[in-house]
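*Asks:* let me see the structure of the following:
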Amino acid sequence: MSRPKYKITASDLPFVHAYLLRAMEDSHYITRGNSVSYQFRQYLGRIDLDDDLEHEAEILNRWCEKYLTTEQWNRLKVSIRKMRYRQSNTDITITLKPRAHKVLQTLIDQGKARSLSEAVLWLNDNKYNS
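*Replies:* Numbers count the residues shown, from 1 in each chain. Okay, the predicted model is just below:
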């Protein structure tokens, strides 16, 4: 079975938008003076990142498939994958009330988790077993 076709998603859109805007400034990326390049610059400038992201991502994906060279498209895909990885592995800082911290610390002390993050996940995984 063949691999599914690569797809820019709505959650990728802000990153891809910024990436392509920067890339358009690089004359080696997309040839200046090209009418397609000009129209695309116009389109990028009009993208509303607070509107219909699914639709915009679909249009952007089709444009990239059609007009980017294989090397350019591969660089963009690698950048998206890196961004997705960083996004999914980023620490988030939260504030806990002392009582909530004590509950999580108890799970650690009981050996059910090794960290506060794991304690939260343990509680989530076991919420239906009670």
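*Asks:* from Phe15, how far off is Asp26?
*Replies:* Separation of Asp26 from Phe15 (C-beta to C-beta, to the nearest Å): 17 Å. C-betas here are computed from N, CA, C, even on glycine.
*Asks:* what about Ala119, how many neighbours?
*Replies:* 21 (other C-beta atoms under 10 Å).
*Asks:* again with Leu116
*Replies:* 16.
*Asks:* that one touches Val103, doesn't it?
*Replies:* No. The pair Leu116 / Val103 is not scored as a contact, 10.2 Å apart, by C-beta atoms under 8 Å.
*Asks:* per-residue confidence for the residue in the chain sticking out farthest from the centre?
*Replies:* The outermost residue of the chain relative to its centre, with distances by C-alpha atoms, centre = their mean, is Gln110 at 36.0 Å. pLDDT, Gln110: 95.
*Asks:* do Asn124 as well
*Replies:* Confidence score, pLDDT, at Asn124: 90.
*Asks:* now it, what's its secondary structure?
*Replies:* The three-state assignment at Asn124 reads helix, by DSSP: H, G, I helix; E, B strand; the rest coil.
*Asks:* on that earlier part again, show the backbone phi and psi for the residue farthest from the centre of the chain.
*Replies:* Main-chain torsions, Gln110, degrees, to the nearest 10: phi -80, psi 0.
*Asks:* ok so, going back, Asp26 and Phe15: which is more packed in?
*Replies:* A count of neighbours by other C-beta under 10 Å puts Phe15 above the other of Asp26 and Phe15, at 18 against 9.
*Asks:* skipping adjacent residues, who's closest to the more buried one in space?
*Replies:* Met83 (4.8 Å; C-beta to C-beta, 6 or more residues apart in numbering).
*Asks:* tell me how far the helix-or-strand element of the chain with minimal mean pLDDT lies from the chain's centre.
*Replies:* Every helix and strand of the chain was ranked by mean pLDDT, DSSP states H and E. The lowest is helix 35-46, at a mean of 79. In this view, helix 35-46 has its centroid 23 Å away from the chain centroid, taken as C-alpha atoms, centre = their mean, to the nearest Å.
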